[in-house]
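> My questions concern the predicted model and sequence given below.
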Amino acid sequence: MVRFLLVCWFGIFVSVAQGQQAPAVPSAAADAAKPAAKRQLQAIRITTPPKLDGTLDDAVWQTAPVATQFYELEPTPGRLEKNPTEVRVLYDDAAIYVGAIMHDVSPDSVLRELSARDNIGNSDWFGVFIDTYNDHQNGYQFLLTSGGVQVDARQSPANGEDGNWNAVWDSRTTLQGNDWVAEIRIPYSAIRFSKAKEQVWGINFGRQRRASRQKFFWNEVKPQVDGFVNQWGLLTGLRDLQPPLRLSLTPYVSAYVNHYPFNEQGKKNATTSFNGGADIKWGINESFTLDATLVPDFGQVQSDNQVLNLSPFEVQYNENRGFFTEGTELFNKGGLFYSRRVGATPIGFGEVASQLHTGERQADGSRSKGEFVVQNPGITRLLNATKVSGRTSKGLGIGVFNALSNDVFATVQDSTTGARRDVLTQPFTNYNIVVLDQSLKNNSYVSLINTNVTRAGSTYDANVTGGLFRFANKANRYAVNGQVVYSNRRGKAFLSDKNISDQDGYKYYVNFGKISGNFTWSVDHGIESNTYNPNDLGLLFSNNTIDQSVNANYNIYKPFWKVNKLSTYASISYSLLQTPRRYQGVAFFLGGNTTFTKSFLTTGINLDAQPLSRDYFDPRRSPIGTYYLRKPTNFSWNGFVSSDYRKKVAYDINYGARFFVADGDRTGRNTFGLVLSPRYRASNHLSFVYSASYELRRNQIGYAGGLSSSQPQDVPLLNAFGQDVLMGRRNVRTVTNTATATYTFTNRMSFNIRLRHYVSNVHYRDFSRLHPDGLETPVEYQRNRDNTFNAFNVDAGYSWWFAPGSQVSIVWKNASASFLEANEATPLYFDNLNNTINTPHNNNVSVKVLYYLDYLALRPRRG
């Protein structure tokens, strides 16, 4: 495989050098980096809305001008479409209507796989892209597949495409001979716009012809030009639009049955719960919307992919809760908001054992057992969460987020008397974010962001304030961007009388570069101080760094030789410890990817080399800087191959390896990884995806864990080491199997089941003592530190959107996990699988009903 890829890459570069279908001459390339002229389309006002049936046979459609002659974006940018697309736009006092006819050569050429909402699948699509303020900053995206599946998103320069945003709109599609037709109604309550008497909106229309893997846009979108929203056309003729009262209520009810085989007296194996709450949307004015969730229920979200974490940093999990993913583009600016902090594991979750009362000595000299933990909640239940966001007619975006969580208590019980008491693990907490984002000319902006976490009592509070900017020149070819952030924490650590140590910290980052054209480049520099800590509401893996890099990209967007396009990159980075100022590492990166013309096989390869570097974080000693782990010179290659998803059987392959040079008598250190992911589409309704992942890290050097006075083998080292660190040379073998099956009944009803088994085994070969300044000496250490972690999950869900915005969902979740240590740990996969099957499993079945109520639909009709 590697030889095949290298031959392919060599052929590509030779062909370019020989001039086979070479890219355009420099003057043409310069023109390609300029945005296309903006086309205009007039929308027609109507008094009687068309019937939404996907036929476009209402007479009003014939009164509207036609947008046609779309330009190709992929695979050959700039060509006019051969199979015409015709689009018309109407509007009235309630909604905007878009009708589109996609001409084709035969019914079989229109691919129509059904999928769940917001999933395109193997299907053609038609899209409407609207920039209501025509400020090139905030766009709405409404896509409709040929099978009638809705896909919506927000578009912005800062965050790109936000597919988590959802709106309530209506649509129909039909297949008519060789063509397919899309009819869309977008109510004004789904978008924001001004009160101006006459308005001009940014507009674009897109089409994917899946059979030929082509994408087209009405207003030409050039890949060499930085940005997407700034390349849309103009929609004129909009007069006397009145932003409606945007008010909706989505109440929910849910019921849960949970079963876990405690098989203990006084504990129920099966429990039930019933919940109710609501989501509220209120358009405060034409620009701003309030979103609130009252007594939210997130119990049906997909389970996290649990892993064995051997690093000094926390694991970042995906956000699957809808309220925290929809409409959060303003709050995500600057990377200061990690929404999983809201409703996260209580900060005192791991401290309950230290607060247990030990047993008392009895008259006969014996000691009672003392207290034990009955219940220790692993999540913080939210009372409510609210977002207010929008943008004024002057381009000022304002966002306010607030959430409240109540006290969280663990329950402990006395073994002798049976008396129970509550132990506080999380005080009442308020989470708050305020964002001001002023859009400027030339796709530029300045922003101010503040995040705040306030806890009841003496537990510390946290505040982070950041300023962001981006300035691009008029031609949109060069830009400078950056940020300055200050973090502040005040108060005492939880369950402690000591003040927080990292009270004040800062970060700054600046980047300058060429952003448009085939060749782009950038240079950047940033510092995060040793006391910078945004982690109460953000996510930072490590601070105390000074980083700088030089980056270059060269892309060919038009087909040449045997490929559709080529993307390449090269980069050099250099890193220092900030305090004390010490060397960390240098790295060189090189890589690229391409798609072959006939097979549509996509492949890429990445190379990197890292001379001798220092890891100051894995030893886990504070203050940082005295201890570090030497990482010998190493290099790696990794890549991927992805086949054509239009075929019933397709596959993805990811592979990689890293090799380290000998470090004294330590040899044979390397890492290998392989992921195989075949997929099978049985029909337009049924599909299967399987993924098998294998990773082996041989002779890895890492932190082996702390030493304990309760372990006899640790005592000699504990007395001798002082602040020195126990490191271990280990083999880490990880296997992950994931299988997913999806059956889509209609464009509004689907069933999905996902099974995942993860196992990671750690086997230590020998141990060493890490002294200051990276010196390691061997130690005789007999304690068995081997361990194995297993995690198993089943997530099965049925979803039915029985009306716009209204849904019934039924979910079954099965979960188990086990952590085996010392002699119980085993590298044998099937032994681990058998152990996982026989470990007690938690089963949870839930039913949830959402019903969307729109004030405009419920209010009495006049006259």
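Sure thing, it's come through.
> how about Asp31, secondary structure?
helix (DSSP: H, G, I helix; E, B strand; the rest coil).
> Return the residues in contact with it.
Contacts for Asp31 (C-beta atoms under 8 Å, 6 or more residues apart in numbering) come out as none. Where you see a C-beta, it was placed from the backbone N, CA and C, and this is true even at glycine.
> Could you check how far it is from Asp786?
Going from Asp31 to Asp786 by C-beta to C-beta, to the nearest Å gives 63 Å.
> all strands of the stretch 101-250 of the chain, in order?
Applying DSSP state E, counting those that start in this stretch to the stretch 101-250 of the chain gives strands spanning 125-131, 139-145, 150-156, 160-162, 170-176, 179-187, 198-209, 214-217, 233-239, 247-259.
> correction: the stretch 401-550 of the chain
Taking DSSP E, counting those that start in this stretch as the criterion, the stretch 401-550 of the chain carries its strands at 408-414, 420-426, 429-440, 444-455, 461-472, 478-490, 504-514, 519-528, 545-556.
> Check which residues of the very next helix or strand once past the last one are buried.
Taking DSSP states H and E as the definition, the helix or strand that follows strand 545-556 towards the C-terminus is strand 563-577. Buried residues in strand 563-577, counted by 16 or more other C-beta atoms under 10 Å: 563-571, 573, 575-577.
> now, which of those residues sits nearest Asp58?
Comparing these against Asp58 with C-beta to C-beta places Asn564 closest, at 40.1 Å.
> who touches the closest one in this structure?
Here Asn564 is in contact with Glu74, Pro75, Thr76, Thr594, Thr595, Phe596, Thr597, Phe600 (criterion: C-beta under 8 Å, 6+ apart).
> of these, buried ones?
Using 16+ other C-beta under 10 Å, the buried ones in the contacts of Asn564 are Glu74, Pro75, Thr594, Thr595, Phe596, Thr597, Phe600.
> can you tell me which of these lies nearest to Thr132?
Nearest to Thr132 among these, with distances taken as C-beta to C-beta, is Glu74, at 27.0 Å.
> Contact partners for the residue lying closest to the closest one once chain neighbours are set aside?
Leaving aside its sequence neighbours, Glu74 sits nearest to Lys215 (C-beta to C-beta, 6 or more residues apart in numbering; 4.5 Å). Residues in contact with Lys215, defined by C-beta under 8 Å, 6+ apart, are Glu72, Leu73, Glu74, Gly206, Arg207, Gln208, Arg209.
> which SS class is the residue nearest to Thr742 when sequence neighbours are not counted?
Take Thr742 and drop its neighbours on the chain: the residue closest to it by C-beta to C-beta, 6+ apart is Asn752, 4.8 Å away. Going by three-state DSSP, the secondary structure assigned to Asn752 is strand.
> Hmm, Asn752 is touching Ala116, no?
Yes. Counting by C-beta atoms under 8 Å, Asn752 touches Ala116, with 6.9 Å between them.
> Now list whatever residues contact both of these two.
Thr742, Ser799.
> which one of the strands of the stretch 401-550 of the chain lies closest to Leu686?
Nearest of these (C-beta to C-beta): strand 545-556, 37.5 Å.
> Name the residues of that closest one that come out as buried.
Thr545, Ile546, Asp547, Ser549, Asn551, Ala552, Asn553, Asn555, Ile556.
> OK, contacts around the second one?
Under the criterion of C-beta under 8 Å, 6+ apart, the neighbours of Ile546 are Gly526, Ile527, Ser575, Leu576, Leu577, Gln578, Arg581.
> Tabulate the contacts of Lys215 (JSON lines), appending pLDDT.
Converted to JSON lines, those look like this (pLDDT from 0 to 100):
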{"residue": "Glu72", "pLDDT": "97"}
{"residue": "Leu73", "pLDDT": "97"}
{"residue": "Glu74", "pLDDT": "96"}
{"residue": "Gly206", "pLDDT": "98"}
{"residue": "Arg207", "pLDDT": "98"}
{"residue": "Gln208", "pLDDT": "98"}
{"residue": "Arg209", "pLDDT": "97"}
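> which among these gets closest to Asn258?
Distances from Asn258 to the contacts of Lys215, taken by C-beta to C-beta, are shortest for Gln208, at 42.9 Å.
> Tell me the bridge partners for the nearest residue to the closest one once chain neighbours are set aside.
Nearest residue to Gln208, sequence neighbours excluded (C-beta to C-beta, 6+ apart): Trp125, at 4.7 Å. Beta-bridge partners recorded for Trp125 (DSSP bridges): Thr145, Gln208.
> Just give the number of residues close to Trp125.
Trp125 has 23 neighbours, counted by other C-beta atoms under 10 Å.
> For it, give me the pLDDT.
Note for Trp125: predicted pLDDT of 98.
> Thr145 is in contact with that one, correct?
Yes. Between Trp125 and Thr145 there is a contact under C-beta under 8 Å: 4.7 Å.
> hey, what's in contact with both of these two?
Joint contacts of Trp125 and Thr145 (C-beta under 8 Å, 6+ apart) are Val151.
> can you map out the helices along the stretch 601-750 of the chain?
For the stretch 601-750 of the chain, applying DSSP state H, counting those that start in this stretch gives helices covering 715-721.
> give me the low-pLDDT residue ranges for it?
Within the stretch 601-750 of the chain, not a single segment meets pLDDT under 70.
> hey, where'd the strands end up in it?
602-610, 613-615, 629-631, 634-642, 649-660, 670-681, 686-703, 725-746, 749-770.
> Now that we have those, can you turn them into a markdown table and tack on distance to Glu821 and mean neighbour count?
A markdown table is the format used below for the strands of the stretch 601-750 of the chain (distance: least, C-beta to C-beta, whole Å; neighbours: other C-beta atoms under 10 Å):
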| stretch | distance to Glu821 | mean neighbour count |
| --- | --- | --- |
| strand 602-610 | 33 | 18 |
| strand 613-615 | 25 | 18 |
| strand 629-631 | 23 | 18 |
| strand 634-642 | 30 | 18 |
| strand 649-660 | 28 | 16 |
| strand 670-681 | 24 | 16 |
| strand 686-703 | 16 | 17 |
| strand 725-746 | 14 | 18 |
| strand 749-770 | 10 | 19 |
